[in-house]
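> Structure of the sequence below:
(one chain, ligands or ions: 1)
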Amino acid sequence: MNLAAKNVSLTLNDNPILNNMDILVRNQEFVGLLGPNGSGKSTFLKSIYRTMKPDVGWISLANQDIYKLPPRKVARQMAVVRQESAIEFDFSVREIVMMGRFPHKSAFQSDTKQDEELVNETLARVGMQDFAERSFTTLSGGEKQRVLIARALAQQAKLLVLDEPTNHLDIHSQLQIMAILKKLRCTVLTALHDLNIAAVYCDRLYIVKSGEIVASGTPAEVLQPQLINDVFGVDCEVSIHPRTAKPHIVFLSAIEKEIS
Ligand SMILES: Nc1ncnc2c1ncn2[C@@H]1O[C@H](COP(=O)(O)OP(=O)(O)OP(=O)(O)O)[C@@H](O)[C@H]1O
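Predicted coordinates for the structure are as follows:
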């Protein structure tokens, strides 16, 4: 399931937010979108999952214009984990995850035994099986995040689009969720903030600055000290970690300032 965006530009309130953005996520690739706060990552992902139509450009799923495909067809192919998901009604965790099955059903079709089994299985996968009957609104930020990831997994889409999926999670949970996502062998496009996590799990990265893609390539190609300084404004050292064989970044600015 290829995902491609070509020349995507978007202006909001007269401010150019996205400028000529191009990406290609190949079948079963795990691709990270990195960039500072406000650089346009969420807006770009929203244009991919059809919440914000770009003014210019073309977004395609398996070479078909995503804005011309029927919404249910897109939902069967693409699951989304948004940065903030405002679920205010009193749904149980089980009901939220079951919502992932909607695109596969016709209207008024009731849940099957297979749906129930899949929901139980995905809840267990994210370690939330004991929370199935709890009200979603009573969960902690990290617990909610796991449930929303379970809902995306229950959707069984070939493409996953995630906006900071490990937001709110402690370090053990961050690594666990990234490992689960990696093992799915789906096509994945995910915004991330942690450069070291991106280096370990992503096949390729796109770096966004002020609404433009300023670099792309493998983590080893992209995560260079000069680029990190140019984009994020921090000094760092990058080495290849002997156990992961991936770039490992040590940030220096804050440490040096505190010591001096
Ligand atoms: N509806 C909107 N109206 C006006 N400006 C907007 C709107 N949505 C987003 N923006 C602006 O677009 C820019 C990009 O925002 P976006 O949320 O895409 O950034 P981001 O890279 O995802 O940031 P973060 O890492 O903080 O989540 C920001 O300056 C933001 O204030």
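> Skipping its backbone neighbours, what lies nearest Pro71 in space?
Closest residue to Pro71 in three dimensions, ignoring its sequence neighbours and counting by C-beta to C-beta, 6 or more residues apart in numbering: Arg50, at 7.6 Å. No exception for glycine: its C-beta is placed from N, CA and C like everyone else's.
> Distance check, Leu3 against Ser216.
The gap separating Leu3 from Ser216 is 14 Å, by C-beta to C-beta, to the nearest Å.
> Spell out the secondary structure type for Val208.
What DSSP: H, G, I helix; E, B strand; the rest coil gives for Val208 is strand.
> Dig out what it forms beta bridges with.
Val208 forms beta bridges with Ile213, as assigned by DSSP bridges.
> wait, doesn't it sit right on Gly38?
No - with contact defined as C-beta atoms under 8 Å, Val208 does not count as touching Gly38 (10.1 Å).
> more neighbours, these two?
Neighbour comparison, Val208 and Gly38: the larger count goes to Val208, with 23 against 11 (by other C-beta atoms under 10 Å).
> State the pLDDT value of that one.
pLDDT for Val208: 98.
> show me the residues around it that make contact.
Residues counted as contacts of Val208 (C-beta atoms under 8 Å, 6 or more residues apart in numbering) are Met21, Leu33, Leu34, Gly35, Ser39, Gly40, Lys41, Phe44, Val214.
> Mind checking which of Leu3 and Ser216 has more residues around it?
Between Leu3 and Ser216, Leu3 has the larger neighbour count (other C-beta under 10 Å), namely 25 against 16.
> Leaving out the residues flanking it, which one is nearest to that one?
Val25 (4.3 Å).
> So which bits of the stretch 51-200 of the chain are right by the ligand?
For the stretch 51-200 of the chain, no residues are found near the ligand under the criterion C-beta under 6 Å from any ligand atom.
> Show me where the stretch 51-200 of the chain dips below the pLDDT cut-off.
84-88 (pLDDT under 70).
> what ranges do the strands span in it?
For the stretch 51-200 of the chain, the strands defined by DSSP state E, counting those that start in this stretch occupy 56-61, 64-65, 78-81, 159-163, 187-191.
> For Ala150, find the nearest of these.
strand 78-81 (9.9 Å; C-beta to C-beta).
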